[in-house]
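[1] Need a 3D model of the following:
(chains A and B)
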2 protein chains.
Amino acid sequence: MPIEELRGILGPGRVLTSEADRLSYAYDASFGVYVPDCVVQPKSTEEVQAVVRTAARERIPLYPRGSGSCLSGGPLPVYGGIVVDLSKMDGKLEIYPDDLVAVVSPGVRTLDLQKAAERHGLFYPPDPSSSRVSTIGGNIAENSGGPRGLKYGVTRDYVLGLEVVTADGRVFRTGGHTIKNVTGYDLTRLIVGSEGTLGIVTEAVLRLLPKPEARRTALAIFDDLVVAGKAISKILTSGILPGALEIIDQACLRAVEAFRPSGLPVDAEAVLLVEVDGHPAAVDDEIRQAAEICRQLGARSVEVAADEAARDRLWFARRQISPAIARIKPTKISEDATVPRSRIPDMFAKLREIRNKYGVELVVFGHAGDGNLHPNILCDLRDREEMKRVEEAVAEIFRAALEMGGTLSGEHGIGTMKAPFLTWQLGEVGVEMTKRIKRAWDPDNIMNPGKIFPEPGKDRLVFTS
Amino acid sequence: MPIEELRGILGPGRVLTSEADRLSYAYDASFGVYVPDCVVQPKSTEEVQAVVRTAARERIPLYPRGSGSCLSGGPLPVYGGIVVDLSKMDGKLEIYPDDLVAVVSPGVRTLDLQKAAERHGLFYPPDPSSSRVSTIGGNIAENSGGPRGLKYGVTRDYVLGLEVVTADGRVFRTGGHTIKNVTGYDLTRLIVGSEGTLGIVTEAVLRLLPKPEARRTALAIFDDLVVAGKAISKILTSGILPGALEIIDQACLRAVEAFRPSGLPVDAEAVLLVEVDGHPAAVDDEIRQAAEICRQLGARSVEVAADEAARDRLWFARRQISPAIARIKPTKISEDATVPRSRIPDMFAKLREIRNKYGVELVVFGHAGDGNLHPNILCDLRDREEMKRVEEAVAEIFRAALEMGGTLSGEHGIGTMKAPFLTWQLGEVGVEMTKRIKRAWDPDNIMNPGKIFPEPGKDRLVFTS
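    Residues are numbered from 1 along each chain as shown, chains lettered A, B, ... in the order given. Next comes the predicted model:
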């Protein structure tokens, strides 16, 4: 490990080698502990280039990392080597209001970008639930989503251009400041979601939108999950495109009510949260229509928030789900298998079947509008017998999503967690075409090795090792 | 040329070898005449695979083609070989209203998809001006745009998944039926806009939207182009996101009035056409606001269409531009250099300078909302002296767009027409990273050779050869 050379590039303060420092970079928000040999904290493109050139010469693996809130193992240093902590590279956050564009360093926090845009009356829609800590660079690596995917898309839809350091330490720019751009291959979107396996993003040009003037929110309680599914379809085919359309199942409701009661009925099968945004007159009419659809289909009750305080109350239960279910058992496995929207009721039925078949504690909430459910399994990592059942249950969730025409991952990424299953979705030819790109851009496999691609001998999910 | 083998695959009727047939595939809507050795018309994925396998074995170049309305030379068979006419492969046009998804064969016409979506109350936004003849496969190859780019994006933003035949005749699927999908690299968008150089698209999964309920349109006349530019910025930063925001310059106005008068003043410097779509109450208010902004900034006059008939009248002049300017001189060179929106007034000033410097007949209209201008040069291909000046003027347009942070091509593609300039935008490293992908996927360079990449000895634009 060329520690002295790295210290020469970054100064001694930004090359971390103590055991305590290295241990604190051994985790993300998924599973597995992998201690890197060292951690570097570059602050400029030139420093990233110099670090990459050093590592490339010595063929040392590099693991780009934002704030480590990844749910799929993206930043884990699984083969040792150097973690490249980009969270300190946060110097640039520029808003160009006339162009509806922002230019940012990779270490800028998602929330800080959102706030900066709002100060100009603008709006950066991608909103992963980790937005208070997550970085834009991490969002780009994993193509992060959130509840606004249905109407506004995901991170990919807001990245107009990138500055990228290649696996041999050169630098290039993709895309630009315009929405329309068909000059050459779309390298921008090839890099978005590639989880740091193709290069290191050192700057991003992001698209902004005018901020919607108004929003209205409704919460509908259903005795029957299938009816809730019908309400989702009916709302969307009536011409309304909600800014958010969330679903919460009975198990989540019960967990929330046991944690911080918000007065929701624990005997209901599902709750829908609908939010429309846009012109004030439009949102008033649309929320009325959406509420009416829920009532006509037989919702037990529908409440429309009269003001922002009432809106916050309606969102309260949704926001409590993660902390509430985390109390059920010590280990929380959050999946993001996504299905075509019309298959949501089928997927709920299948998830219930999986819960019973494997005897696992499985709860479901998620972004119903875009088919992106979050089945969460609550378990105990120390209980090997239980974890075996969990592994099988998770594999069956993936199989079910794919059988319904969905995807392994809607917004968390493949990382280490879903790599064993990649071929299930892409097929042999798809995996090979993907590998060809990886090999063409990173022939020595130093950029975040061990992610996305199935590794020999790792053909199944293993939580316990 | 293994004609008999191709006839064995497709039957004799769909392998065209007569001179008349081959000549009719020697053109697109740009420049250059290149006669292919033969033309094949597959109707299924299996037929495409068999044709590709035959060509791959013999290393015969393949040129996928839709309806040939390409403005950048994308489908031209520049090195001879086989044109793969996919316009007959139009068997599938399925709408899944609950999933807001369409599944289509590549030969389906854009307009037919738009109409099919509308029958379900849905909306396919990409709307290239060739939509009456263009195919979805061609739109995907060139990542086509149109006037709705500002609010709705371009073809890329609506392609969720693809079926692709590789350069060695295998087949794979990318993406799927969901908006959220982060499983592996984004091969879908890598292929969109790759102009048939990476494989042949044999099926596409497209995203649809609920159809906006209402639209309102206004036309504003400006004595000063710079003021028109200010109106564009003011409208967009006021929170309005128009479905279309078009600009027409004086030269276009004069051409239209000389062709089919619509009563527009030929002494005005610019006309803006603003269209908002969405909820009825919202569009009424937004068009009133947009009109008010134009008036306050000093528009000579602003007219808001009261109904659909009045709307059609306002759009009339915009629709007549292409036929009107085509009458000025025999040759029409339509560019699509795109700049950040705030630079539109600067770009207009620069285009005026270029017109005077090279003494060329240059008119400008385009999609002002997304910075995608269409400078058109009217000339005569038989006049070599004039064409030399045109070549220099076009190169200077590209240079200006790039200096302003824009792109060589907003929506027409690179093809043969802009390939000599690719390095100007992507730089040496960007071009090399692009070539690495091309070589990894098509090592024998049989998929649409001669496009996108600068060719040795072809380092400038040549209209006359």
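
[2] pLDDT weak spots in chain A?
    A:464-465 (pLDDT under 70).

[3] the domain parsing of it - what is it?
    With automatic domain parsing as the criterion, the domains of chain A are listed as A:3-88, A:93-210, A:212-327, A:328-412.

[4] How about the shortest one and chain B, touching?
    In this case it means domain A:328-412. Yes: counting by C-beta under 8 Å from any C-beta of the partner chain, chain B has neighbours in domain A:328-412: A:336, A:338-342, A:367, A:370-372, A:405-412. (Glycine included, C-beta is placed from N, CA and C.)

[5] For the buried ones among those residues, write the corresponding PyMOL selection.
    Filtering the residues of domain A:328-412 next to chain B down to the buried ones (16 or more other C-beta atoms under 10 Å in any protein chain shown) takes a single PyMOL command:
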select buried, chain A and resi 336+338+339+340+341+342+367+370+371+372+405+406+407+408+409+410+411+412
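
[6] And the strands in the stretch 101-250 of chain A?
    Applying DSSP state E, counting those that start in this stretch to the stretch 101-250 of chain A gives strands spanning A:101-104, A:122-123, A:159-165, A:171-175, A:200-207, A:209-210, A:214-222, A:244-249.

[7] now the longest one, how far from the centre of its chain.
    In this view, strand A:214-222 has its centroid 24 Å away from the chain centroid, taken as C-alpha atoms, centre = their mean, to the nearest Å.

[8] Run the angle between it and strand A:244-249 for me.
    Calculated by axes from the mean of the first three to the mean of the last three C-alpha atoms, to 10 degrees, strand A:214-222 forms an angle of 20 degrees with strand A:244-249.

[9] Stretch A:160-175 spans what distance, first to last residue?
    6 Å (C-alpha to C-alpha, to the nearest Å).

[10] Kindly report the same for stretch A:5-21.
    19 Å.

[11] Which residues of the stretch 1-150 of chain A lie near chain B?
    Residues of the stretch 1-150 of chain A lying close to chain B (C-beta under 8 Å from any C-beta) are A:96-101, A:120-121, A:142-143, A:145, A:149-150.

[12] try 6 Å
    With C-beta under 6 Å from any C-beta of the partner chain as the criterion, the stretch 1-150 of chain A comes near chain B at residues A:97-99, A:143, A:145, A:149.

[13] Which of those residues has the largest number of neighbours?
    Most neighbours among the residues of the stretch 1-150 of chain A next to chain B, by other C-beta atoms under 10 Å in any protein chain shown: A:G145, with 30 neighbours.

[14] Spell out, range by range, the helices that occur in chain A.
    For chain A, applying DSSP state H gives helices covering A:3-10, A:19-23, A:45-58, A:110-119, A:136-142, A:149-152, A:187-191, A:225-237, A:250-259, A:280-297, A:308-326, A:344-358, A:384-403, A:422-441.

[15] buried residues in the second one?
    Translated: helix A:19-23. Quick answer for helix A:19-23 (16+ other C-beta under 10 Å): A:R22.

[16] How about the first one?
    In terms of neighbour count (16+ other C-beta under 10 Å), helix A:3-10 has its buried residues at A:5-7, A:9-10.

[17] Present the strands of the stretch 101-250 of chain A as CSV; the columns should include mean neighbour count and distance to A:L190.
    Converted to CSV, these look like this (neighbours: other C-beta atoms under 10 Å in any protein chain shown; distance: least, C-beta to C-beta, whole Å):
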stretch, mean neighbour count, distance to A:L190
strand A:101-104, 24, 20
strand A:122-123, 20, 26
strand A:159-165, 24, 10
strand A:171-175, 22, 8
strand A:200-207, 26, 12
strand A:209-210, 18, 24
strand A:214-222, 23, 34
strand A:244-249, 25, 29
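
[18] closest one to B:V40 among the ones you listed?
    For B:V40, the closest of the strands of the stretch 101-250 of chain A is strand A:171-175, at 34.7 Å, according to C-beta to C-beta.

[19] Please name every helix or strand in contact with the closest one.
    Other elements packing on strand A:171-175 under the criterion 3 or more C-beta pairs under 6 Å, 6 or more residues apart in numbering or on different chains; DSSP states H and E are strand A:159-165, helix A:187-191, helix B:422-441.

[20] For the ones you listed, give me JSON lines that also has distance to B:L245.
    Formatted as JSON lines, the helices and strands packed on strand A:171-175 follow (distance: least, C-beta to C-beta, whole Å):
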{"stretch": "strand A:159-165", "distance to B:L245": "18"}
{"stretch": "helix A:187-191", "distance to B:L245": "24"}
{"stretch": "helix B:422-441", "distance to B:L245": "25"}
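
[21] Which one of the ones you listed lies nearest to A:T135?
    Smallest distance to A:T135 across the helices and strands packed on strand A:171-175 (C-beta to C-beta): 13.8 Å, for strand A:159-165.

[22] closest one to A:G199 among the helices and strands packed on strand A:171-175?
    strand A:159-165 (4.3 Å).

[23] Sheet-wise, list the partners of that closest one with their directions.
    strand A:171-175 (antiparallel), strand A:200-207 (antiparallel) (DSSP bridges).

[24] export the last one as PDB, just CAs?
    So that's strand A:200-207. This file holds the C-alpha atoms of strand A:200-207, laid out as PDB (Å, rounded to 0.1, in the frame of the first residue of the first chain):
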ATOM      1  CA  ILE A 200     -15.400   8.200 -10.200                       C
ATOM      2  CA  VAL A 201     -17.900  11.100 -10.600                       C
ATOM      3  CA  THR A 202     -16.200  14.300  -9.700                       C
ATOM      4  CA  GLU A 203     -18.900  16.800 -10.800                       C
ATOM      5  CA  ALA A 204     -22.500  16.700 -11.900                       C
ATOM      6  CA  VAL A 205     -24.800  18.900 -13.900                       C
ATOM      7  CA  LEU A 206     -28.300  18.400 -12.700                       C
ATOM      8  CA  ARG A 207     -31.600  19.500 -14.100                       C
END
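
[25] which residues touch it?
    Applying C-beta atoms under 6 Å, 6 or more residues apart in numbering or on different chains, the contact partners of strand A:200-207 are A:45, A:48, A:64, A:102-104, A:106, A:136-137, A:140, A:158-165, A:177.

[26] If we use 8 Å, what do you get?
    Strand A:200-207 is contacted by residues A:44-45, A:48, A:52, A:62, A:64, A:84, A:86, A:89, A:92, A:100-106, A:113, A:124, A:136-137, A:140-141, A:157-165, A:171, A:175-177, A:179, A:191, A:447 when judged by C-beta atoms under 8 Å, 6 or more residues apart in numbering or on different chains.

[27] Centre of the chain to that strand, how far?
    That offset, for strand A:200-207, works out to 17 Å (C-alpha atoms, centre = their mean).

[28] still on that earlier bit, among the residues of the stretch 1-150 of chain A next to chain B, which one sits closest to A:S131?
    Of all the residues of the stretch 1-150 of chain A next to chain B, A:G145 has the smallest distance to A:S131: 11.1 Å, by C-beta to C-beta.

[29] Spatially nearest residue to A:P126 (excluding sequence neighbours)?
    Leaving out its chain neighbours, the residue that sits closest to A:P126 by C-beta to C-beta, 6 or more residues apart in numbering or on different chains is A:T155, at 4.6 Å.

[30] I'd assumed A:A141 was in contact with that neighbour.
    No: the criterion here is C-beta atoms under 8 Å, and A:T155 misses it with A:A141 at 9.3 Å.

[31] and for these two, which residues touch both?
    A:G193.

[32] These two: who's more crowded?
    A:A141 (33 against 29).

[33] is chain B contacted by stretch A:418-433?
    Yes: under the criterion of C-beta under 8 Å from any C-beta, stretch A:418-433 makes contact with chain B via A:418, A:422, A:425-427, A:429-431, A:433.

[34] A:G278 touches B:H279, doesn't it?
    Yes: judged on C-beta under 8 Å, A:G278 makes contact with B:H279 at a distance of 7.1 Å.
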